[in-house]
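# Take a look and give me a structure for this.
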Amino acid sequence: MEPLRSLNTHGQSPHLRVDTSYEQVRNAKRKALTRPNRLRVIVRLITLTVGASIVGVLAHAAFVWYSTRNYILMQPHGIRMRGWPAQMDLIPTWIMLAVAVIAIVVQIVALLTLLRGVYRLRESAWHTWGLFLTSIVGIATWITAAVYFKLQDNKGERNWTLWSWSCSHKDLVNGKMSFQTMCVELNYCFYIAVIVAALELLNLSLFGLHLRKAKRQGSYTTITVQKV
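Take a look at the predicted model:
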């Protein structure tokens with residue numbers, strides 16, 4: 001009976017080895033894909049920080065305009081007049097502000113997936129596709145917002161924006177904030193928007209490299225398991 005028992009165990013072992021091998025390969029790929037990349041985390045933190053700075057600057061500029069738009073003040077050239085034009089196009093400001101807020105939310109959600117309680121979300125298939133999709137949409141959105149922000153600024157007196165007016169009338173006063181300072185801050189917003197788009201592209205590239213490395217590691221695991 002003892003030889004028969006050994007023979008029966010030997011006959012089942014190939015199936016057990018296949019199941020074990022499959023689990024090892026799958027677990028190796030899963031761990032490789034979900035392992036956080038420090039450089040990508042740093043890029044996300046930088047993107048979150050500069051995105052928040054854009055929100056702060058634009059929100060403050062919009063508040064200054066709203067609270068002083070009807071002020072009639074003595075201007076440097078000796079005439080009492082408003083510091084702002086009667087018609088002001090704030091659409092570029094709102095668009096850039098909305099893009100920055102959405103980007104902040106996306107970055108926060110991405111960073112939250114690193115927490116232990118929700119870390120398993122990174123193991124799902126939608127995480128990879130979701131990251132690619134949000135990165136591509138984020139890059140396109142930032143570029144579009146920056147281009148529109150700049151194009152509207154170039155229209156000048158045909159269509160005054162916070163940016164074009166503040167940079168064209170630095171000598172005027174509005175009672176709360178110098179236009180020269182506002183001009184510098186809005187210039188900052190434009191260039192930072194371009195930088196954020198570049199950071200999003202960098203983050204997407206790093207994730208692509210990480211994905212390729214993870215798949216390669218999974219292939220090595222498959223070869224190793226097959227040899228066992």
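
# Give me the contact list for the helix or strand containing Ala98.
Per DSSP states H and E: Ala98 is located in helix 91-112. Residues from elsewhere that reach helix 91-112, judged by CB atoms under 8 Å, 6 or more residues apart in numbering: 41, 44-45, 47-48, 51-52, 54-55, 58-59, 61-62, 118, 131, 134, 138, 141-142, 145-146, 148-149, 152-153, 161-163, 189, 193, 196. The way it works is simple: take the backbone N, C-alpha and C, and place the C-beta from them, glycine included.

# Buried residues, stretch 133-141. List them.
Going by neighbour count (16 or more other CB atoms under 10 Å), the buried part of stretch 133-141 is Thr134, Ser135, Gly138, Ile139, Thr141.

# quick one: that stretch to chain centroid distance?
Remark: stretch 133-141 is offset 8 Å from the chain centroid, using CA atoms, centre = their mean, to the nearest Å.

# what pLDDT, on average, does that stretch get?
For stretch 133-141, mean pLDDT is 90.

# For it, list the C-alpha coordinates in CSV.
This file holds the C-alpha atoms of stretch 133-141, laid out as CSV (Å, rounded to 0.1, in the frame of the first residue of the first chain):
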residue,chain,number,x,y,z
LEU,A,133,-6.4,58.2,-18.6
THR,A,134,-6.2,60.8,-15.9
SER,A,135,-2.6,61.6,-16.8
ILE,A,136,-3.4,62.1,-20.5
VAL,A,137,-6.5,64.1,-19.8
GLY,A,138,-4.5,66.2,-17.2
ILE,A,139,-1.7,67.0,-19.7
ALA,A,140,-4.2,68.0,-22.4
THR,A,141,-6.3,70.0,-20.0
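
# Can you list the neighbours in contact with it?
Identification of contacts with stretch 133-141 by CB under 8 Å, 6+ apart yields Val99, Ile102, Ala103, Val106, Ala110, Ala197, Glu200, Leu201, Asn203, Leu204, Phe207.

# Which of the buried residues of stretch 133-141 fall within helices?
When the buried residues of stretch 133-141 are checked against helices (DSSP state H), the matches are Thr134, Ser135, Gly138, Ile139, Thr141.

# what would those residues look like in JSON lines with distance to Thr93?
Shown next, in JSON lines, are these (distance: CB to CB, whole Å):
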{"residue": "Thr134", "distance to Thr93": "24"}
{"residue": "Ser135", "distance to Thr93": "25"}
{"residue": "Gly138", "distance to Thr93": "20"}
{"residue": "Ile139", "distance to Thr93": "21"}
{"residue": "Thr141", "distance to Thr93": "16"}
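
# closest to Arg80 among those residues?
Nearest to Arg80 among these is Thr141, at 42.7 Å by CB to CB.

# burial measure for Val41, as a count.
14 (other CB atoms under 10 Å).

# Report the angle between the one helix or strand it maps to and helix 91-112.
Using DSSP H and E, Val41 sits within helix 38-68. In terms of direction (axes from the mean of the first three to the mean of the last three CA atoms, to 10 degrees), helix 38-68 departs from helix 91-112 by 150 degrees.

# in helix 38-68, what's buried?
40, 43-44, 46-48, 50-52, 54-55, 57-58, 61, 64-65, 68.

# could you give the mean pLDDT of that helix?
Here the average pLDDT along helix 38-68 is 93.

# helices or strands up against that helix?
Here helix 38-68 touches helix 91-112, helix 162-168, helix 179-227, going by 3 or more CB pairs under 8 Å, 6 or more residues apart in numbering; DSSP states H and E.
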